[in-house]
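# Provided below for reference: sequence and predicted model.
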Amino acid sequence: MGSILFSLSLAAYTVGIVLTILATVNRSVAAKIGSTIALSAAAALQLAAIILYVRATGRLPMSNLADFLMALGWLVLVGYLVVNARWKVPALGMVLPPMAFFLSVLGIVLPQKHSMTEPVMASKGILLFHTSLSTLGMAAFFVAAAMSLVYVLQDRALKRKQSGPWLRRLPSLHKADKAGLEALVWGFPLFTVGIVTGIGLLAMEHDNVKLAVTKPLFPILAWTIFAVVLGARLARGFRGRKAAYLTIAGFVLGLLTVIGINL
């Protein structure tokens, strides 16, 4: 039953992405409504499939790379639906739903290799808390990075005085900047708590606080980038291409780190 729901969700993904492209290119209201319905159905079907997966395996879909990518793909799609409903950024549908589809497909085709050791009973709750918040944080950063990419494309087009049907579909610099900042504000505390609990788990596993702090070097580096960007934006109004590039760099580093940990 779960595999059928996953297949149906991928079919709904495909329909939604095609309709999103048509809505963006042709500014079709019918295609826009249809894409929202199809992608919402994809999210609901994928959630139902994940719930069945959890019931069948007895674990959340975050214990290995395949599970993590599946959960991340669903969260990215939900993030797109929320952001588009709030900010009305149809051009984002050209980026996030295809990426969510790609992540979900990878989650299906990759082998179910369990790289995590079985935690002791006392740390199982912390592990669940850690993986859940880390995945939610990365999904929010995914949205922030996508909005930063949209900002860079729009900024470059304006400075080069370029025009075209695709560029005219992009949101204003102000809207792209505000939406990206909002996603960053949501993702940063989630990612922060995820890192802290991850360090706590390592300390419990190895009984070595120094090792627990030095081992997750790259997640801490990604956190530092986001902390600098967010702090500068909130305190000093830092924005523009530099902020967008740093957001993208922090996201890429964080994503590669999470994938590397689960390999």
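Everything's here; your move. Numbering: from 1, shown residues only.
# what separation do you get for L230 and G240?
15 Å (Cβ to Cβ, to the nearest Å). Quick note: C-beta positions are derived from backbone N, CA and C, even for glycine.
# and those two? which has more neighbours close in?
Counted by other Cβ atoms under 10 Å, L230 and G240 do not tie: L230 has more neighbours, with 22 against 13.
# helix/strand/coil for the more buried one?
For L230, the assignment made with DSSP: H, G, I helix; E, B strand; the rest coil gives helix.
# doesn't F188 make contact with it?
Yes - contact criterion Cβ atoms under 8 Å: L230 and F188 qualify, at 5.4 Å.
# what segments of the chain are helices?
Here the chain has its helices, by DSSP state H, at 2-26, 29-57, 65-87, 96-109, 121-159, 165-168, 173-206, 209-214, 217-236, 241-262.
# worst mean pLDDT among those?
Mean pLDDT is lowest for helix 209-214 out of these, coming in at a mean of 53.
# nearest residue to the middle of this protein?
Taking Cα atoms, centre = their mean, the centroid of the chain lies closest to A139, which sits 2.3 Å from it.
# contacts only, for the nearest residue to it once chain neighbours are set aside.
Nearest residue to A139, sequence neighbours excluded (Cβ to Cβ, 6 or more residues apart in numbering): L75, at 3.5 Å. With contact taken as Cβ atoms under 8 Å, 6 or more residues apart in numbering, L75 is in contact with 135-136, 139, 142.
# of the residues you listed, which is the nearest to L60?
T135 (9.4 Å; Cβ to Cβ).
# how far away is V54 from D67?
Distance, V54 to D67, by Cβ to Cβ: 10 Å.
# show me whatever sits in contact with both of those two.
Counting by Cβ under 8 Å, 6+ apart, the shared contacts of V54 and D67 are 60-61.
# neighbour count: the two, which is higher?
D67 (25 against 14).
# and the more buried one, what does it touch?
60-61, 107, 112.
# the domain parsing of the chain - what is it?
1-114, 117-263 (automatic domain parsing).
# who are the contact partners of S172?
Residues counted as contacts of S172 (Cβ under 8 Å, 6+ apart) are Q154.
# now the phi/psi pair for it, please.
phi -70, psi 160 (degrees, to the nearest 10).
# how close does it get to K242?
Taking Cβ to Cβ, one finds S172 at 19 Å from K242.
# ditto for L77
From L77 to K242 the distance is 29 Å (Cβ to Cβ).
# then P219?
Applying Cβ to Cβ to P219 and K242 gives a distance of 23 Å.
# check R86 too.
For R86, the distance to K242 - Cβ to Cβ - is 25 Å.
# can you tell me which of the contacts of L75 is closest to L153?
Proximity of the contacts of L75 to L153, judged by Cβ to Cβ, is greatest for F142, which lies at 16.9 Å.
# okay but the closest one is in contact with G250, surely?
No - assessed by Cβ under 8 Å, F142 is found out of contact with G250, at 11.6 Å.
# residues contacting A91?
Listed by Cβ under 8 Å, 6+ apart, the contact set of A91 reads 24, 150, 169-171.
# export those residues to JSON lines and tack on distance to I50 and neighbour count?
Output for the contacts of A91, formatted as JSON lines (distance: Cβ to Cβ, whole Å; neighbours: other Cβ atoms under 10 Å):
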{"residue": "T24", "distance to I50": "28", "neighbour count": "21"}
{"residue": "V150", "distance to I50": "28", "neighbour count": "24"}
{"residue": "R169", "distance to I50": "32", "neighbour count": "16"}
{"residue": "L170", "distance to I50": "32", "neighbour count": "22"}
{"residue": "P171", "distance to I50": "31", "neighbour count": "20"}
